[in-house]
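> Here's my sequence, what's the structure:
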Amino acid sequence: MEKLIEQFLEHLRYERNVSAHTLRNYASDLQQFLDFLAPADASGKRRMLPEVTEVDHLTIREWMGELHNAQKTKSSIARKLAALRTFFQFLVREGTVELNPAKLVSTPRQEKKLPKHLSIEEAIRFIETPDLETDLGKRDRAMLELMYATGVRVAELTTLNLADVDFRNQLVRVTGKRRKQRIVPFGDPAAEAIRNYLTVRDKFLFNAPVSKRDDEALFLNYQGTRITTRSVGRMVEKYIRICAGMHNISPHALRHSFATHLLDSGADLRDIQELLGHARLSTTQVYTHVSMEKLVAVYDKAHPKA
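Below is the predicted model:
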């Protein structure tokens, strides 16, 4: 079965053209399923894996139950089930199995969570937290400004290259999921912050050996290589600790704030969909619920008959 998973991952990488992040998730989820099917013994040696044709919907349902008992979130369980469905669908197409057993297992019903976002005042305060007297502060300010100005995903931010930024027209070319590209405008504060960072970018670059320098990457870590999503997460956590009164804020919160503030200011939902790079309008529509919550709160507070 391990060889079949390798073939499936190769199919995703070269034929489906999925991102490295998505590929890692598939590999991790399928490896966890293998660990469930054939756990290691006391010596660390894995038991013999069953044949892939022996895996049925009851086996998968048992794994779902084990994940639930392990306090895994419904969204995490749903993702792992989706990975199995895609894997077995690949095997069906290849003629390895006749049926997809994962299709017979129901996806856990998830509670609809509204995205967390900052108020305009909170967003500005958070973005302005980095110390511009330091090189790292200049870089971090540029990243936060650009994330809020464009609504890019963290993974999209880390893949930006210098050539993607058009300062003259204040546009950035973003490569999103499935390698789809979109052009997103940004304002003066982000442009100024990026220019300020670029005055010290070479200091980061020259920290790396020549063979490891990434001359194309827009944002670099202190070792002179392209910044990672994990580094961005740690950076956000650092400034959350500095900012009083802010809790449970993820890097994604700036993306949610970008969309919510645009909607509150009267932007069209389809325009926001385009800027965010959502394939479906229904994904973008969650922000209408956020704005409606705010509207109801204002009504309850201000209307004499509320």
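> I figured H57 hits L99, correct?
No - here H57 does not reach L99: they are 9.1 Å apart, not a contact under C-beta atoms under 8 Å. Using the backbone N, CA and C atoms, a C-beta is placed for each residue, glycine as well.
> list the buried ones in stretch 154-161?
Buried residues in stretch 154-161, counting neighbours by 16 or more other C-beta atoms under 10 Å, are found at V154, A155, E156, L157, T158, T159, L160.
> ranges for the helices of the stretch 51-200 of the chain?
Ranges of helices within the stretch 51-200 of the chain are 57-69, 74-94, 120-127, 135-150, 154-158, 188-198, based on DSSP state H, counting those that start in this stretch.
> Need the pLDDT of A267.
You'll see A267 listed with a pLDDT of 84.
> what about it, neighbour count?
Each residue near A267 was counted by other C-beta atoms under 10 Å, and the total is 14.
> contacts for stretch 179-199?
Judged by C-beta atoms under 8 Å, 6 or more residues apart in numbering, the contacts made with stretch 179-199 from elsewhere in the structure are 17, 19, 132, 138-139, 141-142, 144-146, 148-152, 165, 167, 169-176, 218, 274-275, 277.
> which SSE is the residue lying closest to E66 once chain neighbours are set aside in?
Using C-beta to C-beta, 6 or more residues apart in numbering and skipping the chain neighbours, the partner closest in space to E66 is F36 (6.5 Å). Element membership for F36 (DSSP states H and E) is helix 20-37.
> what sits up against that helix?
Identification of contacts with helix 20-37 by C-beta under 8 Å, 6+ apart yields 1-2, 5, 8-9, 12-13, 18, 49-50, 55, 59, 63, 66, 79-80, 83-84, 86-87, 155, 177, 229.
> Among the contacts of stretch 179-199, name the buried ones.
Buried by 16+ other C-beta under 10 Å: 19, 138-139, 141-142, 144-146, 148-152, 165, 170, 172, 174-176, 218, 275, 277, out of the contacts of stretch 179-199.
> thinking again about what came up before, in the helix holding F36, what's buried?
Buried, per 16+ other C-beta under 10 Å, within helix 20-37: T22, N25, Y26, A27, D29, L30, F33, L37.
> rewinding a little: quickly list what's touching both of H57 and L99.
Contact criterion C-beta under 8 Å, 6+ apart; residues shared by H57 and L99: none found.
> what about the residue lying closest to H278 once chain neighbours are set aside, distance to I272?
Computed as C-beta to C-beta, 6+ apart, the closest residue to H278 that is not its neighbour in sequence is T284, at 4.9 Å. As defined by C-beta to C-beta, to the nearest Å, T284 lies at a distance of 6 Å from I272.
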